[in-house]
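Colleague: Model the structure of this input:
(one chain, ligands or ions: 1)
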Amino acid sequence: MAYENIIVEIKGRVGVVTLNRPNALNALNRALIGELSQAVVELQNNDAVGCLLITGSDKAFAAGADIKEMADKSFIDAYLGNFAADWHAPTKTRKPVVAAVAGFALGGGCELAMMCDLIIAADTAKFGQPEIKLGVIPGIGGTQRLTRAVGKAKAMDLVLTGRMMDAAEAERSNLVARVVPAAQLMDEAMKVADTIANMSLPSVLAAKEAVDAAFESSLAEGVRFERRIFHALFATEDQKEGMKAFVEKRKPQWKNK
Ligand SMILES: CC(C)=CC(=O)SCCNC(=O)CCNC(=O)[C@H](O)C(C)(C)COP(=O)(O)OP(=O)(O)OC[C@H]1O[C@@H](n2cnc3c(N)ncnc32)[C@H](O)[C@@H]1OP(=O)(O)O
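Modeller: Okay, here's the model as predicted:
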C-alpha cells in the first residue's frame, strides 16, 4: 500500500514507521491513523519483522489528534461514530513496539507512545495531556495508561493542568525507559528494537504477553499465568537451541519455533 502520512521501512528485522505530517507536527488525523493501522497489520503479518519501531520528527512525535479535523464534531457525531475507538494501532500487534520520541508527544501523541511497549525519549521530548485546555479530556487511553505508568499524583497533575513534562521528568516518573541525546535517538532506539527483533520470536511474544498480564490480573494470577507460559516455552525448538548454545559457548541460531 502507498502511504502519504507515514513512511514504512524494513531495516533488518525491524519494521520502522515514521509519522510524516511535518506541517502539522504529526497531528493525528483519520488518514494518518488509517495508514498507521494498516502498516501495523502489514508488519504483524510479515515474518521477516520481529519488532516494530514508531517514531516522528525531531520537532514532534505527534502533537495530538488533529484539532482542526475534530473541532466541529457534535456529541452525536462522536458518540454514534464511536470517535477514536479504532485509534489504538500499536496494540493491534503481538510483536513488541518501541516508540522513539523526540519533541512534542502531546494528547493523542502521548497516548500513542504509551500504547507502545517501551518508550525511548530524546532529551528534547516533551510529554503531556493538554486536552483539558481544549475543554475535553484524553480520549485514547491517556487517563488509564498514564496513571498506570506514573501513578495517580503525577497523572492528576498532568491531566488536570495540561502542563508538559520534559524527558528527565518523564524518566524519573517511569513513563520512559531511557533518555538519550537527541542526535542519538534513532541509533539507540534501533539498537533496542534490533536486539528484541533478533531474539527467539516465541519467547519475545510470551514475554510481552506475560508483562502485559501484570496490568490486568492479581499478583497470584499473573505469576500463575507467567509460569504456564514459561512451561510452554520448553516445547519450543528455540528453548533447546538457546540453552544448548549457552552450554556450547556460541550464539544461538533461532528458528522462531
Ligand atoms: C487523541 C484525542 C482524542 C485528543 C487530542 O489529542 S487533543 C490535541 C492535544 N494536543 C494539543 O492540544 C497540542 C496542540 N498544539 C500545540 O499546542 C502547539 O502546536 C505546540 C505547543 C505543540 C507547538 O507550538 P509551536 O508554536 O511550536 O507550533 P505551532 O505553530 O502551534 O504548530 C505548527 C503547525 O502545526 C499545527 N498543529 C499543531 N498541533 C496540532 C494539532 N493537535 N492539531 C492540528 N494542527 C496542529 C498548528 O496549527 C500549525 O499549523 P498552521 O501554521 O497551519 O496553523
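Colleague: Show the contacting residues for the residue most central in space within the chain.
Modeller: Among the residues of the chain, the one closest to the centroid is C116, at 1.3 Å (Cα atoms, centre = their mean). Listed by Cβ atoms under 8 Å, 6 or more residues apart in numbering, the contact set of C116 reads 54, 90, 97-99. The way it works is simple: take the backbone N, C-alpha and C, and place the C-beta from them, glycine included.
Colleague: 6 Å - rerun?
Modeller: By Cβ atoms under 6 Å, 6 or more residues apart in numbering, C116 lies in contact with 90, 97, 99.
Colleague: Quick check: residues of this protein near the ligand?
Modeller: Contact residues, the chain versus the ligand (Cβ under 6 Å from any ligand atom): 24-25, 27, 63-68, 84, 104, 106-108, 111, 130-131, 134, 139-140.
Colleague: if we go to 8 Å?
Modeller: Residues of the chain lying close to the ligand by Cβ under 8 Å from any ligand atom are 23-25, 27-29, 59-60, 63-70, 83-84, 87, 104, 106-109, 111, 128-131, 133-134, 136, 138-140, 142, 162, 164.
Colleague: Show me how to select, in ChimeraX, the buried members of these.
Modeller: Burial among the residues of the chain next to the ligand is assessed by 16 or more other Cβ atoms under 10 Å; the matching ChimeraX selection reads:
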select :24,25,27,28,29,60,63,64,65,66,70,83,84,87,104,106,107,108,109,111,128,129,130,131,138,139,140,142,164
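Colleague: taking the residues of the chain next to the ligand one by one, which sit in strands?
Modeller: 60, 104, 106, 128, 164 (DSSP state E).
Colleague: From what I see, the fourth one and M164 are in contact.
Modeller: In this case it means G128. Yes: using Cβ atoms under 6 Å, G128 is in contact with M164, at 3.9 Å.
Colleague: Domain ranges for the chain, per the record?
Modeller: The chain breaks down by the TED database into domains covering 6-197, 200-248.
Colleague: can you redo these as TSV with mean pLDDT and distance to N256?
Modeller: Converted to TSV, the domains of the chain look like this (pLDDT from 0 to 100; distance: least, Cβ to Cβ, whole Å):
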stretch	mean pLDDT	distance to N256
domain 6-197	98	8
domain 200-248	97	4
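Colleague: Can you say which of those domains is packed in most?
Modeller: Comparing the domains of the chain by mean neighbour count (mean count of other Cβ atoms under 10 Å), domain 6-197 comes out on top with a mean of 19.
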